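Asker: kindly generate the corresponding structure for this input.
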Amino acid sequence: MTIKLKKFKDLISKNGLFSDGNWIESKDQNPDGSVRLIQLADIGVGKFIDKSNRFMTEERANDLNCTYLVEGDILVARMPDPIGRACIFPQVQQKCVTVVDICIIRPDSDQIDTRWLMHLINSKHFNNQVLQYVTGTTRQRISRGNLAKLDVEVPPLDEQKRIAAILDKADAIRRKRQQAIKLADDFLRSVFLDMFGDPVTNPKGWEVKKFSDLGNWASGGTPSRSVSGYFEGEINWFSARELNHRYLNESVEKITDEALSKSAAKIFPAGSMLVGMYDTAAFKISILNVASASNQACANIIPNEKIDIEWFFSFIEFSKETYLRQRRGVRQQNLNLGMIKDFDLPLPPKTEQEKFVKLAHKTMQMKERNYSSLSNSLDSFNSLSQKAFAGDL
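Answerer: Residues are numbered from 1 along each chain as shown. As a prediction, this is how the structure comes out:
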C-alpha cells in the first residue's frame, strides 16, 4: 500500500474548497432572516451540535459575498474548546453560512474520503500538530495558513474508506453510551417534576422553607500557602473546581491536622454536601463520601431531619439556573454563604423525598454502568484512532 505525505492544503483540489468562514458583525444579523449563521457552539468533536440560533437575510449574505455551506462540508473550529475540533455539516432545509473562526473544507471526493478526513482532524496525532501552531494568549486560535501546512499521510482512497468505516462503528458505540447517560438524566428530571412539580412555581403547594432551615451551613478555609508542610497531610481538602461528580472520595490536595487548627478550614462529615460559590463554580455540588475539608470557595450543609441530602442534590441540579440568576458581581458573578442560606425552596415531606431517592439510586446504578462502558468505548475508539493514523490499523 502506497502512503503519500502531503500538506493539508493539497488534500483539496481546484474543485474543492478550503476557506475561512465569513466576517459577520452583529449589525449584519437579523432574527427575521432566512440564512442561518453557524457558530463555534455548533461544532463538536465529530458531531454537528445544532445549538446556535442566529440569522441574517439572504440579501445581506450576498452583499458580504458569504460562502454557503453544502452537505458534507467539514467544519473546523479554529478556536477552543478544543482548537481544531471538526464535524461534518449535515443536510439542512435552509441556507447556512459560518462565522470567520470556522474553517470550511470541501475535499476532492475522488481522492479524499470526507469521513476519513474528519476523523484525521479530530485525532490526537493531528491535534498534536495543530497545537504547535496555535497563536494568541487570551484568545488562542490556529490560522488557516498554519492549518494548510500541516503534514498528512494519505493512504489510497479505498484504505481511507476502510479506516473511516471502522472508526464510524467505534464512534457509534461511544455515542450510544453517551445517549444512554443523557436519557437517564432526562428520566430523573421528568420523574422529579412529576412528583414535586416545578420548583419555581410550586404548583403542588409544598411548604416553602429557607435553605438555612435544612441543616447547619458553614464555609471552608485555606491554610497558609507559605507553610508547605500544611499540604503534606492525609485529610481531604477539596476546592470548588473539584465538584464535578455526585460523590467525592479523594481530593487533589490533602492537609494536616495542624493546618486545620491554624486556619478557617474545618472537617465536614460524610453525607454532607459541598456547594460552590464563586464564578463558574457557583452552585456546583457534590456529596462527601468521606469526612473532608474544603477551601473558602465552598459552602457545606450538614442536613437535619427535614431533608434527604440526595433529594436536595437533585433539587439543586434541576433548579440551579433560578438561583444562579441571583449572583452578584461585575468581573466575577458570585454567591456567598448568606445568600445561599436565604434562598427559598418548596419542601415536600421527607417520606416523599425518600421515594424519589430510592428510584434515583436505581437510575444512578444504571448510569454508573453506562459510564464504565463509555470509558471503555472511549479507550477503544482512541486506540483505534491512534493505530489508524499511525498506519497500524
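Asker: chain neighbours aside, what residue packs nearest to C87?
Answerer: F48 (4.7 Å; C-beta to C-beta, 6 or more residues apart in numbering). In this view, the C-beta of every residue, glycine as well, is placed from N, C-alpha and C.
Asker: report the secondary structure state of K161.
Answerer: With DSSP: H, G, I helix; E, B strand; the rest coil as the basis, K161 sits in helix.
Asker: ok, it to S380 distance?
Answerer: According to C-beta to C-beta, to the nearest Å, K161 and S380 sit 20 Å apart.
Asker: can I get the CA coordinates of stretch 176-184 in CSV?
Answerer: Provided in CSV are the C-alpha atoms of stretch 176-184 (Å, rounded to 0.1, in the frame of the first residue of the first chain):
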residue,chain,number,x,y,z
LYS,A,176,-24.9,5.2,22.3
ARG,A,177,-23.3,5.1,25.7
GLN,A,178,-23.5,8.9,25.9
GLN,A,179,-27.1,8.9,24.9
ALA,A,180,-28.0,6.3,27.5
ILE,A,181,-26.5,8.5,30.2
LYS,A,182,-28.4,11.5,28.9
LEU,A,183,-31.7,9.5,28.8
ALA,A,184,-31.1,8.5,32.5
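Asker: what about it, average pLDDT?
Answerer: The average pLDDT for stretch 176-184 rounds to 88.
Asker: what's the first helix or strand after the helix or strand bottoming out on mean pLDDT in the chain?
Answerer: Every helix and strand in the chain was compared by mean pLDDT, DSSP states H and E; the lowest is strand 4-7, with a mean of 82. Next helix or strand after strand 4-7 toward the C-terminus (DSSP states H and E): strand 17-20.
Asker: give the rounded mean pLDDT of that next one.
Answerer: So the average pLDDT for strand 17-20 ends up being 89.
Asker: just the CA coordinates of that strand, formatted as PDB?
Answerer: What follows is strand 17-20, C-alpha atoms only, in PDB (Å, rounded to 0.1, in the frame of the first residue of the first chain):
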ATOM      1  CA  LEU A  17     -12.900  24.500  -1.000                       C
ATOM      2  CA  PHE A  18     -10.600  25.500   1.800                       C
ATOM      3  CA  SER A  19     -11.500  28.800   3.300                       C
ATOM      4  CA  ASP A  20     -12.300  30.600   6.500                       C
END
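Asker: who does that strand touch, helix- and strand-wise?
Answerer: When contacts are defined as 3 or more C-beta pairs under 8 Å, 6 or more residues apart in numbering; DSSP states H and E, strand 17-20 packs onto strand 102-106, helix 144-148.
Asker: of these, flag the one that's most buried.
Answerer: strand 102-106 (a mean of 23; mean count of other C-beta atoms under 10 Å).
Asker: export it as PDB, just CAs?
Answerer: What follows is strand 102-106, C-alpha atoms only, in PDB (Å, rounded to 0.1, in the frame of the first residue of the first chain):
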ATOM      1  CA  ILE A 102     -14.700  28.200  11.500                       C
ATOM      2  CA  CYS A 103     -12.700  26.800   8.600                       C
ATOM      3  CA  ILE A 104     -14.700  25.300   5.700                       C
ATOM      4  CA  ILE A 105     -13.200  22.200   4.000                       C
ATOM      5  CA  ARG A 106     -14.700  20.700   0.900                       C
END
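Asker: give me the number of residues near the nearest residue in space to A86 that is not next to it in sequence?
Answerer: Excluding the flanking residues, the one nearest A86 by C-beta to C-beta, 6+ apart is I121, at 4.0 Å. Number of residues near I121 (other C-beta atoms under 10 Å) recorded here: 24.
Asker: with the one 10 residues further on instead?
Answerer: By the measure other C-beta under 10 Å, the count of residues near L131 is 13.
Asker: so how far is G197 from it?
Answerer: 49 Å.
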